[in-house]
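1. mind folding the following:
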Amino acid sequence: MKQQKKPEVNPVRSLRGGLTRHSSVLPSPSLRRGIKQLASNGVKTTSPKPTTQRESRVVKLRFVGKRLDQFLAETLPLSSRGEWQRLIRSGQVRIAGEVVSEPRLKLGLGQVVDWPKVSNLNPKEVTVSTLAKILSEVKVLAETDDMLVLSKPAGISMHPVRRGQSNTLTEWLSTRYPQILGVGEAPERPGMVHRLDKDTSGIVLVAKTQKAFMALKKLFQERKIQKEYLALVYGTVSSPSGVIDKPLGRVKGSIRRATPDGKRTFGGELREALTEYGLHTRYPQYDLLSLKPKTGRTHQIRVHLASLGHPVV
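-> Prediction:
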């Protein structure tokens, strides 16, 4: 009997989003399905949309082979790499005059990338065409009289962070479960005991009653609910397991968080941050890591991995 050769898996195509999270209190099949979900292979092009003023940059040597969204985020920081991904998918970015909608597109030397000036970017188009579609992918994995277990896709915020912001998880919840309004400690985050970053997919626990909220909050505080993340990172980690012990702080004059490197100035005190990691799967040019944050700092995993020279894909 001839043994069939297993096809090689491209990790960039086999993961949807670079960072996902699951909890040990939930069944693992949902996580496995998320990892195996395939993303689009091709680069879609359409006719360029008319606009008045645009900015452009030429791809220099240091960006050759880098992703389009990474190039834009480093060239012109907007708010986050995820925001640039939504702008790309909404058809507002062009290469050599052709609209592209694939943030993972790798760049070549001398290519000209252009986009509308920040003042001309169309946030309504991004919200309606992209965020609403992403929001429709929220799924209820389990439900009781006291709580919900949701699967949150990457690309949507847990709750509004600015006035008038729509297409958030709280909007989804308040529409389908109006009884949770008033549950919790903040009206803008009804029922939410914990949070996930906008660009992270994973499991979210939501309390439907105040009693359940307080019970879940206590479990998180006592670390009786274990959190584990999967992240696809660039490069090969030097050790198959370890602990990243680097404090985090907000960079002065910016919303960005980082670890000390002897050059940055911080706008406040540095806070302790610990992340355990282990090698899950090794691919050519990429590693899939499992991570367990022991502290809950904002963007902790992304900042810690970047500090090791292995940023999240």
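
2. count of neighbours near residue 64?
-> Under the neighbour criterion other Cβ atoms under 10 Å, residue 64 is assigned a count of 14. The way it works is simple: take the backbone N, C-alpha and C, and place the C-beta from them, glycine included.

3. quick one: the helices in the stretch 151-300 of the chain?
-> Secondary structure of the stretch 151-300 of the chain by DSSP state H, counting those that start in this stretch: the helices cover 169-176, 210-221, 300-307.

4. so which of those comes closest to residue 111?
-> With Cβ to Cβ as the measure, helix 300-307 is the member of the helices of the stretch 151-300 of the chain nearest residue 111 (24.9 Å).

5. domain-wise, how is the chain divided?
-> 10-39+226-313, 45-121, 134-225 (automatic domain parsing).

6. picking that back up, can you lay out the helices of the stretch 151-300 of the chain as a markdown table showing mean neighbour count, distance to residue 139 and mean pLDDT?
-> Formatted as a markdown table, the entries for these read as follows, by neighbours: other Cβ atoms under 10 Å; distance: least, Cβ to Cβ, whole Å; pLDDT from 0 to 100:
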| stretch | mean neighbour count | distance to residue 139 | mean pLDDT |
| --- | --- | --- | --- |
| helix 169-176 | 17 | 11 | 90 |
| helix 210-221 | 15 | 20 | 94 |
| helix 300-307 | 21 | 23 | 87 |
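
7. what would the ones you listed look like in JSON lines with distance to residue 84?
-> As requested, those are arranged in JSON lines below (distance: least, Cβ to Cβ, whole Å):
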{"stretch": "helix 169-176", "distance to residue 84": "21"}
{"stretch": "helix 210-221", "distance to residue 84": "32"}
{"stretch": "helix 300-307", "distance to residue 84": "15"}
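
8. so which of those helices gets nearest residue 144?
-> Taking Cβ to Cβ, helix 210-221 is the member of the helices of the stretch 151-300 of the chain nearest to residue 144, at 8.5 Å.

9. ok, residues contacting that closest one?
-> Helix 210-221 is contacted by residues 146, 147, 183, 184, 185, 191, 193, 194, 205, 207, 225 when judged by Cβ atoms under 8 Å, 6 or more residues apart in numbering.

10. against residue 156, how distant is residue 132?
-> Between residue 132 and residue 156 the computed distance is 10 Å (Cβ to Cβ, to the nearest Å).

11. sorry, back to before: now, which of the contacts of helix 210-221 sits nearest residue 249?
-> Closest to residue 249, out of all of the contacts of helix 210-221 and judged by Cβ to Cβ, is residue 194, at 22.0 Å.

12. tell me, how many residues neighbour the closest one?
-> Using other Cβ under 10 Å: residue 194 sits among 17 other residues.

13. how about residue 147?
-> Other residues near residue 147 come to 19 when the count uses other Cβ under 10 Å.

14. same check on residue 89?
-> Here the number of neighbours of residue 89 (other Cβ under 10 Å) works out to 21.

15. surely it meets residue 103?
-> Yes. Distance between residue 89 and residue 103: 6.9 Å, which falls inside the contact criterion (Cβ atoms under 8 Å).

16. all strands for the stretch 51-200 of the chain, in order.
-> Taking DSSP state E, counting those that start in this stretch to define them, one finds strands in the stretch 51-200 of the chain at 54-58, 94-95, 98-100, 112-116, 139-143, 147-152.

17. now the ones you listed as TSV including distance to residue 280 and mean pLDDT?
-> Converted to TSV, the strands of the stretch 51-200 of the chain look like this (distance: least, Cβ to Cβ, whole Å; pLDDT from 0 to 100):
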stretch	distance to residue 280	mean pLDDT
strand 54-58	36	83
strand 94-95	33	89
strand 98-100	31	85
strand 112-116	33	84
strand 139-143	22	94
strand 147-152	20	94
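
18. brilliant, that's me finished.
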